[in-house]
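>>> this one's structure only:
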(Lines give C-alpha, C1' and ligand atoms only; values in the text may rest on other atoms or scores of the structure.)
Protein backbone atom coordinates (compact mmCIF):
# COMPACT_ATOMS: atom_id res chain seq x y z
CA UNK A 1 0.00 0.00 0.00
CA UNK A 2 2.93 2.38 0.49
CA UNK A 3 3.57 2.38 -3.23
CA UNK A 4 -0.08 3.11 -4.02
CA UNK A 5 -0.13 5.96 -1.50
CA UNK A 6 3.02 7.42 -3.02
CA UNK A 7 1.50 7.23 -6.51
CA UNK A 8 -1.62 9.00 -5.27
CA UNK A 9 0.58 11.69 -3.73
CA UNK A 10 2.35 12.05 -7.08
CA UNK A 11 -1.00 12.42 -8.92
CA UNK A 12 -2.02 15.16 -6.48
CA UNK A 13 1.30 16.99 -6.76
CA UNK A 14 2.48 16.15 -3.25
CA UNK A 15 5.44 14.15 -4.55
CA UNK A 16 7.68 14.94 -7.55
CA UNK A 17 8.44 12.50 -10.36
CA UNK A 18 12.10 12.55 -9.36
CA UNK A 19 11.34 11.52 -5.78
CA UNK A 20 8.96 8.79 -6.93
CA UNK A 21 11.57 7.28 -9.27
CA UNK A 22 14.27 7.45 -6.59
CA UNK A 23 12.05 5.58 -4.15
CA UNK A 24 11.14 2.88 -6.69
CA UNK A 25 14.10 2.73 -9.11
CA UNK A 26 13.08 -0.62 -10.59
CA UNK A 27 9.57 0.44 -11.59
CA UNK A 28 8.55 1.76 -15.02
CA UNK A 29 6.40 4.83 -14.45
CA UNK A 30 6.17 5.90 -18.11
CA UNK A 31 2.50 4.91 -18.38
CA UNK A 32 1.62 6.81 -15.22
CA UNK A 33 3.46 9.88 -16.49
CA UNK A 34 1.41 9.85 -19.69
CA UNK A 35 -1.81 9.46 -17.72
CA UNK A 36 -0.80 12.32 -15.45
CA UNK A 37 0.01 14.57 -18.39
CA UNK A 38 -3.29 14.03 -20.23
CA UNK A 39 -5.40 14.26 -17.10
CA UNK A 40 -3.93 17.72 -16.40
CA UNK A 41 -5.05 18.95 -19.83
CA UNK A 42 -8.70 18.40 -18.97
CA UNK A 43 -10.81 21.18 -17.54
CA UNK A 44 -13.09 18.78 -15.70
CA UNK A 45 -14.37 19.08 -12.13
CA UNK A 46 -11.80 18.18 -9.51
CA UNK A 47 -12.13 14.57 -8.37
CA UNK A 48 -10.78 13.09 -5.16
CA UNK A 49 -8.60 10.37 -6.65
CA UNK A 50 -7.94 8.71 -3.27
CA UNK A 51 -11.65 8.56 -2.42
CA UNK A 52 -12.50 7.24 -5.90
CA UNK A 53 -9.89 4.51 -5.49
CA UNK A 54 -11.17 3.64 -2.01
CA UNK A 55 -14.78 3.46 -3.23
CA UNK A 56 -13.76 1.23 -6.10
CA UNK A 57 -11.88 -1.14 -3.81
CA UNK A 58 -14.81 -1.21 -1.39
CA UNK A 59 -17.19 -2.22 -4.17
CA UNK A 60 -14.79 -4.91 -5.32
CA UNK A 61 -14.49 -6.32 -1.80
CA UNK A 62 -18.26 -6.30 -1.32
CA UNK A 63 -18.86 -7.91 -4.71
CA UNK A 64 -16.41 -10.76 -4.10
CA UNK A 65 -16.96 -11.22 -0.36
CA UNK A 66 -15.70 -13.18 1.50
CA UNK A 67 -12.74 -13.50 -0.88
CA UNK A 68 -10.33 -10.52 -0.60
CA UNK A 69 -8.16 -9.71 -3.61
CA UNK A 70 -5.17 -7.45 -2.90
CA UNK A 71 -4.61 -4.55 -5.29
CA UNK A 72 -1.21 -4.88 -6.92
CA UNK A 73 0.68 -2.34 -8.98
CA UNK A 74 -0.61 -3.58 -12.36
CA UNK A 75 -4.18 -3.45 -11.14
CA UNK A 76 -3.64 0.09 -9.99
CA UNK A 77 -2.40 1.05 -13.46
CA UNK A 78 -5.56 -0.39 -15.02
CA UNK A 79 -7.72 1.55 -12.57
CA UNK A 80 -5.80 4.74 -13.25
CA UNK A 81 -6.24 4.25 -17.00
CA UNK A 82 -10.00 3.70 -16.59
CA UNK A 83 -10.18 6.75 -14.34
CA UNK A 84 -8.55 8.99 -16.98
CA UNK A 85 -10.77 7.59 -19.76
CA UNK A 86 -13.86 8.30 -17.65
CA UNK A 87 -12.64 11.86 -17.03
CA UNK A 88 -12.01 12.37 -20.74
CA UNK A 89 -15.41 11.01 -21.73
CA UNK A 90 -17.29 13.11 -19.18
CA UNK A 91 -15.40 16.21 -20.29
CA UNK A 92 -16.31 15.86 -23.96
CA UNK A 93 -19.87 14.73 -23.28
CA UNK A 94 -20.88 17.24 -20.62
CA UNK A 95 -18.37 20.10 -20.40
CA UNK A 96 -16.81 20.71 -23.82
CA UNK A 97 -19.56 22.50 -25.77
CA UNK A 98 -17.22 24.65 -27.85
CA UNK A 99 -17.35 24.23 -31.61
CA UNK A 100 -14.56 25.65 -33.73
CA UNK A 101 -13.61 25.95 -37.39
CA UNK A 102 -10.21 26.91 -38.77
CA UNK A 103 -8.38 27.41 -42.06
CA UNK A 104 -4.76 27.09 -43.10
CA UNK A 105 -2.69 29.32 -45.39
CA UNK A 106 -4.33 29.78 -48.83
CA UNK A 107 -7.47 27.92 -47.63
CA UNK A 108 -11.08 29.08 -47.32
CA UNK A 109 -13.93 27.19 -45.70
CA UNK A 110 -17.72 27.53 -45.91
CA UNK A 111 -20.08 26.19 -43.22
CA UNK A 112 -23.46 26.81 -41.59
CA UNK A 113 -24.07 27.69 -37.97
CA UNK A 114 -26.86 25.99 -35.93
CA UNK A 115 -29.40 28.65 -37.05
CA UNK A 116 -28.37 28.18 -40.72
CA UNK A 117 -26.42 31.44 -40.78
CA UNK A 118 -23.60 31.01 -43.28
CA UNK A 119 -19.93 31.75 -42.61
CA UNK A 120 -17.05 31.79 -45.09
CA UNK A 121 -13.63 31.81 -43.41
CA UNK A 122 -10.70 33.38 -45.21
CA UNK A 123 -7.18 31.94 -45.05
CA UNK A 124 -5.48 31.37 -41.66
CA UNK A 125 -8.55 32.22 -39.62
CA UNK A 126 -10.42 30.63 -36.72
CA UNK A 127 -14.01 30.88 -35.52
CA UNK A 128 -15.52 29.32 -32.38
CA UNK A 129 -18.81 29.36 -30.46
CA UNK A 130 -20.69 27.52 -27.70
CA UNK A 131 -23.18 25.19 -29.41
CA UNK A 132 -25.11 24.48 -26.18
CA UNK A 133 -25.92 28.18 -25.62
CA UNK A 134 -26.42 29.04 -29.28
CA UNK A 135 -30.25 29.21 -29.26
CA UNK A 136 -30.29 31.92 -26.59
CA UNK A 137 -26.86 33.47 -27.11
CA UNK A 138 -25.47 33.77 -30.66
CA UNK A 139 -21.91 34.73 -29.70
CA UNK A 140 -18.81 33.87 -31.73
CA UNK A 141 -15.07 34.41 -31.34
CA UNK A 142 -13.16 35.33 -34.52
CA UNK A 143 -9.43 35.48 -35.15
CA UNK A 144 -8.77 36.36 -38.79
CA UNK A 145 -11.29 37.20 -41.50
CA UNK A 146 -14.80 35.94 -42.26
CA UNK A 147 -17.88 36.85 -44.29
CA UNK A 148 -21.25 36.34 -42.57
CA UNK A 149 -24.78 35.87 -43.93
CA UNK A 150 -26.86 36.01 -40.76
CA UNK A 151 -30.40 34.70 -40.45
CA UNK A 152 -32.83 36.85 -38.49
CA UNK A 153 -33.28 36.03 -34.83
CA UNK A 154 -31.73 36.92 -31.51
CA UNK A 155 -28.74 39.27 -31.36
CA UNK A 156 -25.75 37.90 -33.28
CA UNK A 157 -22.37 39.10 -31.97
CA UNK A 158 -18.87 38.51 -33.34
CA UNK A 159 -16.13 39.12 -30.79
CA UNK A 160 -12.56 39.95 -31.82
CA UNK A 161 -9.54 41.28 -29.94
CA UNK A 162 -9.98 44.64 -31.67
CA UNK A 163 -13.74 45.09 -31.32
CA UNK A 164 -17.20 43.52 -31.40
CA UNK A 165 -19.82 43.49 -34.15
CA UNK A 166 -23.53 43.03 -33.37
CA UNK A 167 -26.35 42.44 -35.85
CA UNK A 168 -29.88 41.01 -36.06
CA UNK A 169 -29.83 39.75 -39.65
CA UNK A 170 -27.45 40.94 -42.34
CA UNK A 171 -24.38 40.30 -44.50
CA UNK A 172 -21.05 41.70 -43.42
CA UNK A 173 -17.31 41.03 -43.52
CA UNK A 174 -14.93 41.20 -40.55
CA UNK A 175 -11.15 41.29 -40.86
CA UNK A 176 -9.10 41.20 -37.67
CA UNK A 177 -5.36 40.73 -38.10
CA UNK A 178 -2.45 42.03 -36.02
CA UNK A 179 -2.98 45.80 -35.57
CA UNK A 180 -5.66 45.87 -38.27
CA UNK A 181 -9.46 45.75 -37.88
CA UNK A 182 -12.03 46.34 -40.60
CA UNK A 183 -15.78 45.77 -40.88
CA UNK A 184 -17.77 46.13 -44.11
CA UNK A 185 -21.57 46.02 -44.22
CA UNK A 186 -23.22 44.60 -47.36
CA UNK A 187 -26.83 44.23 -46.22
CA UNK A 188 -28.90 45.36 -43.21
CA UNK A 189 -26.90 47.17 -40.56
CA UNK A 190 -24.20 46.35 -38.03
CA UNK A 191 -23.08 47.96 -34.80
CA UNK A 192 -19.31 48.04 -34.26
CA UNK A 193 -17.91 48.53 -30.78
CA UNK A 194 -14.18 49.21 -30.45
CA UNK A 195 -11.67 51.24 -28.46
CA UNK A 196 -12.84 54.26 -30.47
CA UNK A 197 -16.48 53.93 -29.38
CA UNK A 198 -19.58 52.76 -31.25
CA UNK A 199 -20.53 53.18 -34.89
CA UNK A 200 -23.50 51.84 -36.88
CA UNK A 201 -22.77 50.82 -40.46
CA UNK A 202 -25.33 50.74 -43.25
CA UNK A 203 -24.91 48.89 -46.57
CA UNK A 204 -21.90 50.16 -48.50
CA UNK A 205 -20.20 51.56 -45.40
CA UNK A 206 -17.03 50.31 -43.74
CA UNK A 207 -15.08 50.93 -40.56
CA UNK A 208 -11.32 50.54 -40.24
CA UNK A 209 -9.00 50.67 -37.24
CA UNK A 210 -5.24 50.62 -37.85
CA UNK A 211 -2.71 50.25 -35.01
CA UNK A 212 -5.51 50.86 -32.52
CA UNK A 213 -5.63 54.59 -33.27
CA UNK A 214 -6.27 55.48 -36.91
CA UNK A 215 -9.96 55.26 -37.74
CA UNK A 216 -11.26 55.33 -41.29
CA UNK A 217 -14.90 55.14 -42.36
CA UNK A 218 -15.54 55.08 -46.09
CA UNK A 219 -17.98 54.08 -48.79
CA UNK A 220 -17.47 51.08 -51.06
CA UNK A 221 -19.34 49.65 -54.00
CA UNK A 222 -19.40 45.86 -53.96
CA UNK A 223 -21.90 43.07 -53.36
CA UNK A 224 -19.43 40.84 -51.52
CA UNK A 225 -15.75 40.79 -50.43
CA UNK A 226 -13.30 40.30 -53.29
CA UNK A 227 -11.53 37.43 -51.49
CA UNK A 228 -14.60 35.24 -52.10
CA UNK A 229 -13.57 35.27 -55.77
CA UNK A 230 -9.89 34.55 -55.04
CA UNK A 231 -8.70 38.15 -55.05
CA UNK A 232 -7.65 40.55 -52.30
CA UNK A 233 -8.55 44.22 -52.79
CA UNK A 234 -7.32 47.26 -50.86
CA UNK A 235 -8.15 50.95 -50.72
CA UNK A 236 -5.53 53.17 -49.07
CA UNK A 237 -4.24 50.34 -46.90
CA UNK A 238 -0.71 50.39 -45.38
CA UNK A 239 1.76 48.25 -47.29
CA UNK A 240 2.55 46.17 -44.18
CA UNK A 241 -1.05 44.93 -44.13
CA UNK A 242 -0.90 44.06 -47.85
CA UNK A 243 2.32 42.14 -47.17
CA UNK A 244 0.64 40.17 -44.37
CA UNK A 245 -2.20 39.24 -46.70
CA UNK A 246 0.25 38.09 -49.39
CA UNK A 247 1.93 35.86 -46.78
CA UNK A 248 -1.43 34.40 -45.74
CA UNK A 249 -2.46 33.58 -49.30
CA UNK A 250 0.85 32.25 -50.62
CA UNK A 251 2.70 30.70 -47.66
CA UNK A 252 5.68 33.03 -48.11
CA UNK A 253 7.73 35.26 -45.81
CA UNK A 254 8.27 38.80 -47.08
CA UNK A 255 11.07 41.05 -45.83
CA UNK A 256 11.82 44.60 -46.91
CA UNK A 257 15.07 46.39 -47.68
CA UNK A 258 14.82 50.13 -46.99
CA UNK A 259 11.12 50.20 -47.91
CA UNK A 260 8.56 52.34 -46.11
CA UNK A 261 5.82 49.85 -45.22
CA UNK A 262 3.53 52.60 -43.94
CA UNK A 263 2.96 53.91 -47.48
CA UNK A 264 -0.62 53.40 -48.65
CA UNK A 265 -1.62 50.94 -51.35
CA UNK A 266 -4.78 50.84 -53.46
CA UNK A 267 -5.28 47.92 -55.78
CA UNK A 268 -5.68 44.15 -55.72
CA UNK A 269 -3.82 40.88 -56.21
CA UNK A 270 -4.92 37.43 -57.34
CA UNK A 271 -4.76 34.31 -55.16
CA UNK A 272 -3.94 32.02 -58.08
CA UNK A 273 -0.53 33.22 -59.32
CA UNK A 274 2.25 34.30 -56.95
CA UNK A 275 4.35 36.23 -59.46
CA UNK A 276 1.34 38.09 -60.85
CA UNK A 277 0.27 38.94 -57.31
CA UNK A 278 3.71 40.25 -56.33
CA UNK A 279 3.88 42.36 -59.47
CA UNK A 280 0.41 43.79 -58.81
CA UNK A 281 1.62 45.08 -55.45
CA UNK A 282 5.21 46.15 -56.20
CA UNK A 283 4.86 47.85 -59.60
CA UNK A 284 2.36 50.56 -58.50
CA UNK A 285 4.63 51.34 -55.53
CA UNK A 286 7.75 51.40 -57.74
CA UNK A 287 9.31 48.45 -55.93
CA UNK A 288 11.15 45.34 -57.04
CA UNK A 289 11.17 41.89 -55.47
CA UNK A 290 13.39 38.83 -55.30
CA UNK A 291 12.19 35.26 -54.60
CA UNK A 292 14.35 32.66 -52.84
CA UNK A 293 12.20 29.64 -52.04
CA UNK A 294 9.54 30.76 -49.58
CA UNK A 295 11.40 33.99 -48.84
CA UNK A 296 10.62 37.16 -50.78
CA UNK A 297 12.39 40.51 -50.44
CA UNK A 298 10.90 43.87 -51.44
CA UNK A 299 13.34 46.65 -52.35
CA UNK A 300 13.37 49.97 -54.18
CA UNK A 301 14.34 50.27 -57.86
CA UNK A 302 18.09 50.54 -58.22
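It's in. Predicted model only: the values in this text are computed from it and were never measured.
>>> and the contacts of stretch 261-270?
226, 230-240, 242-243, 246, 249, 276-278, 280-281, 284-285 (Cβ atoms under 8 Å, 6 or more residues apart in numbering). In this view, the C-beta of every residue, glycine as well, is placed from N, C-alpha and C.
>>> recalculate using a threshold of 10 Å.
210-211, 226-227, 229-243, 245-246, 249-250, 254, 276-285, 287, 298 (Cβ atoms under 10 Å, 6 or more residues apart in numbering).
>>> drop anything exposed from the residues you listed.
Neighbour-count burial (16 or more other Cβ atoms under 10 Å) is assigned, among those, to 210, 227, 231-232, 234, 237-243, 245-246, 249-250, 254, 277-278, 280-282, 285, 287, 298.
>>> so of those, which ones are in strands?
Of those, the ones assigned to strands by DSSP state E are 210, 231, 232, 234, 237, 238, 254, 287, 298.
>>> need the max-distance pair from those residues.
Taking Cβ to Cβ, the two most distant members of those are 210 and 231; they sit 21.6 Å apart.
>>> what does the model give residue 67 for pLDDT?
For residue 67, the pLDDT comes out at 54.
>>> and for residue 134?
Among the per-residue scores, residue 134 holds a pLDDT of 93.
>>> for residue 126, see how far away it is.
Applying Cβ to Cβ, to the nearest Å, the value for residue 134 to residue 126 is 18 Å.
>>> the more surrounded of the two?
Counted by other Cβ atoms under 10 Å, residue 134 and residue 126 do not tie: residue 134 has more neighbours, with 17 against 14.
>>> hmm, the more buried one is touching residue 112, no?
No. The pair residue 134 / residue 112 is not scored as a contact, 12.0 Å apart, by Cβ atoms under 10 Å.
>>> about what we covered before: distance to residue 165 added to the ones in strands among the buried ones among the contacts of stretch 261-270, as TSV?
Formatted as TSV, those follow (distance: Cβ to Cβ, whole Å):
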residue	distance to residue 165
210	17
231	23
232	21
234	20
237	19
238	22
254	29
287	34
298	33
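>>> what residue spans form the domains of the protein?
For the chain, the structural domains run 2-95, 99-226, 230-300, going by automatic domain parsing.
>>> weakest of the ones you listed by average pLDDT?
domain 2-95 (a mean of 60).
>>> tell me who's in contact with the most centrally placed residue in the chain.
For the chain, residue 126 is the residue whose C-alpha lies nearest the centre (Cα atoms, centre = their mean; 4.4 Å). By Cβ under 10 Å, 6+ apart, the contact set of residue 126 is 100, 101, 102, 103, 141, 142, 143, 144, 146.
>>> now swap in residue 125 and tell me
Residues in contact with residue 125 (Cβ under 10 Å, 6+ apart) are 101-104, 107-109, 119, 142-146, 174-177, 248.
>>> gap between it and residue 250?
As judged by Cβ to Cβ, residue 125 and residue 250 stand 16 Å apart.
>>> ditto for residue 19
From residue 19 over to residue 250 the distance is 52 Å, taken as Cβ to Cβ.
>>> now residue 243
Applying Cβ to Cβ, the value for residue 243 to residue 250 is 11 Å.
>>> which residues are in contact with each of those two?
Shared contacts of residue 243 and residue 250 (Cβ under 10 Å, 6+ apart): residue 296.
>>> buried ones in the longest strand anywhere in the chain?
If each strand of the chain is counted by residues according to DSSP E, the longest one is strand 138-149. Neighbour counts over strand 138-149 (16+ other Cβ under 10 Å) mark 138, 139, 140, 141, 142, 143, 144, 145, 146, 147, 148, 149 as buried.
>>> quick check: angle from that strand to strand 231-238?
Strand 138-149 runs at 110 degrees relative to strand 231-238, counting by axes from the mean of the first three to the mean of the last three Cα atoms, to 10 degrees.
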